[in-house]
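Student: predicted structure and sequence below. I'll ask about it afterward.
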Amino acid sequence: MSTWRDDPNAIPPWNERPKCHCGFHTWLQVWTDPLPQGKKGCRFFKCPDIDDDFKACTFMQWIDTRPLGRVSLKDEQERRVRQQQIRLKGKEDELKRRRTELGQREAALKIQEEQFQAREAQFKREAEEQKNRYKEPAQSSTTDGRNKKGKFLRSTQ
């Protein structure tokens, strides 16, 4: 039966990871620096540096004695192209999602604008009706008994 140490891509279970001097289970990391020479790409255990005294723990234990595998230039280029394609696909999906969201917002704004215009027209109608309701009928000078000059006319009865 193969263990996580046999599979270069496997991650050991938390309880199988060694503990550092601080007493914490270590993190699994991959060496990315070019020095020491020949260690780039090797896996190692490292202290998570979370002790209570805020002192840096220097615990480190190599898992691999040599890099997991040499990658040809062509394979590396193909990997980078795949990564770029994945990023581009993610950006396209995000753009599509945002366009859909924008379309929904525009539709909601259009509905709100139509509702606002309908309410505005209703307010204008109600204001006009109220104006007409309380408007007093125009009175001519002969209805109240005055002539055009403002003098009262005598009634002949």
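Tutor: That came in fine, so what should we check first? Residues are numbered from 1 along each chain as shown.
Student: which residue ranges of this structure form helices?
Tutor: 73-134 (DSSP state H).
Student: which other helices and strands contact the helix-or-strand element of the chain with minimal mean pLDDT?
Tutor: For the chain, counting by mean pLDDT, DSSP states H and E, strand 27-30 ranks last in confidence among helices and strands (a mean of 80). With contacts defined as 3 or more CB pairs under 8 Å, 6 or more residues apart in numbering; DSSP states H and E, the packing partners of strand 27-30 are strand 43-46. In this view, the C-beta of every residue, glycine as well, is placed from N, C-alpha and C.
Student: strand partners of the strand it packs on, parallel vs antiparallel please.
Tutor: Using DSSP bridges, the strands paired with strand 43-46 in its sheet are strand 27-30 (antiparallel), strand 60-62 (antiparallel).
Student: ok, which of those strands comes nearest Q115?
Tutor: Judged by CB to CB, the one of the strands paired with strand 43-46 that comes nearest to Q115 is strand 27-30, at 56.5 Å.
Student: phi, psi of C42?
Tutor: Its backbone dihedrals place C42 at phi -80, psi 150, with angles given as degrees, to the nearest 10.
Student: what about the residue nearest to C57 when sequence neighbours are not counted, how many residues close to it?
Tutor: Here the nearest residue to C57 in space, its sequence neighbours aside, is C47; by CB to CB, 6 or more residues apart in numbering that works out to 3.8 Å. For C47, the neighbour count with other CB atoms under 10 Å is 22.
Student: for W31, see how far away the closest residue to N15 other than its chain neighbours is.
Tutor: Counting by CB to CB, 6+ apart, N15 lies nearest to H25, which is 7.7 Å off, once chain neighbours are set aside. To W31, H25 is 19 Å away according to CB to CB, to the nearest Å.
Student: correct me, but K19 touches T26?
Tutor: Yes - the pair K19 / T26 is scored as a contact, 6.9 Å apart, by CB atoms under 8 Å.
Student: who's more crowded, these two?
Tutor: More neighbours surround T26 than the other of K19 and T26, with 21 against 12 (other CB under 10 Å).
Student: surely that one touches R17?
Tutor: Yes - using CB under 8 Å, T26 is in contact with R17, at 5.2 Å.
Student: shared neighbours of the two, anything?
Tutor: F45 (CB atoms under 8 Å, 6 or more residues apart in numbering).
Student: give me the low-pLDDT residue ranges for this structure?
Tutor: Applying pLDDT under 70 to the chain picks out residues 1-11, 14, 50-55, 65-73, 76, 136-157.
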